[in-house]
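>>> Give me coordinates for this.
(one chain, ligands or ions: 2)
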Amino acid sequence: MDIILKILLIVLIADFISGFVHWLEDAYAKPEMPLVGAIARENLLNHDKPRDFLKKNWWQSSYDLIALGFGILAIAWFVFGMMNGWLIFLVVLSVNANQIHKWAHQNRQEKPWLVSKLQDWNIMQGARQHGRHHRGEKNTYYCVMTNVLNPILEKVGFWVGIEKLILMITGVQRRQDAM
Ligand SMILES: [Zn+2]
Ligand SMILES: [Zn+2]
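Ligands and ions are numbered 1, 2, ... in the order given. I've put the predicted structure just below:
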């Protein structure tokens, strides 16, 4: 039981990280910025033409997250002397966020049978919930892995809340996208 709870917790942490990074990119990365500008442009393209990024293979859509994941593991090991299976599991899940996002956009013929089933069983996020992120101003439902966190975070106004807090403290407004 303990193990199942731990797995669940790690999955939810990975889901939250996927949402947090996605929110940062959508709310504060601007296309004209150095470095992160490329990510902002890619996300805007995904909002506009959600099927465009499906052409990428796993490596093409995950290499940047894999590099980041190795960086985090290296810091954990060399700076904090910390390394265990749970941390590795968290990193492995998190670096696959873009792949899981891609699966939510693909139809059944384009993805493995097991993935469709995991989505049917509400274990992995599928098109129905992820589609909500692509509606309107694209400023809700940022988490891409499960169906658990998004409804809760929207209910408590989590993203709007931290955007207000950031505006209050720093005066920085979230990015306004043309609809
Ligand atoms: Zn987005
Ligand atoms: Zn999407």
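>>> Count the neighbours of Gln176 for me.
Using other CB atoms under 10 Å, Gln176 is surrounded by 9 other residues. Just so you know, the C-beta spots here come from the backbone N, C-alpha and C atoms, and that holds for glycine as well.
>>> got the contact list for it?
Residues counted as contacts of Gln176 (CB atoms under 8 Å, 6 or more residues apart in numbering): none.
>>> And the pLDDT for it?
In this prediction, Gln176 carries a pLDDT score of 87.
>>> what does Pro50 give?
At Pro50, pLDDT is 88.
>>> show me the contacts for it.
105, 134.
>>> Please renumber the chain so that the first residue is 199 from this point on.
Sure, I'll start counting at 199 from here, so that last one is Pro248.
>>> name the element it belongs to?
Here Pro248, judged by DSSP states H and E, is contained in no helix and no strand.
>>> Over to His245?
His245 belongs to helix 234-246, assigned by DSSP H and E.
>>> for that helix, packing partners?
Helices and strands touching helix 234-246, by 3 or more CB pairs under 8 Å, 6 or more residues apart in numbering; DSSP states H and E, are helix 200-226.
>>> thinking again about what came up before, the helix holding His245 versus helix 200-226: what angle between them?
Counting by axes from the mean of the first three to the mean of the last three CA atoms, to 10 degrees, helix 234-246 lies at 100 degrees to helix 200-226.
>>> quick one: buried residues of helix 234-246?
237-238, 240-242, 244 (16 or more other CB atoms under 10 Å).
>>> Leaving out the residues flanking it, which one is nearest to Phe218?
Using CB to CB, 6 or more residues apart in numbering and skipping residues adjacent in sequence, the residue nearest Phe218 is Tyr340, 7.6 Å away.
>>> Could you verify my assumption that the one you found touches Glu223?
No. Contact criterion CB atoms under 8 Å: Tyr340 and Glu223 do not qualify, at 9.1 Å.
>>> Comparing those two, which residue is more hemmed in?
Counted by other CB under 10 Å, Tyr340 and Glu223 do not tie: Tyr340 has more neighbours, with 25 against 17.
>>> so the more buried one is in which element?
If you go by DSSP H and E, Tyr340 is not part of any helix or strand.
>>> and the gap between it and Asp246?
17 Å (CB to CB, to the nearest Å).
>>> So the residue nearest to Asn320 when sequence neighbours are not counted, which state does it fall into?
Distances taken as CB to CB, 6+ apart put Asn345 closest to Asn320, at 5.4 Å, once the chain neighbours are dropped. Following DSSP: H, G, I helix; E, B strand; the rest coil, Asn345 is assigned to coil.
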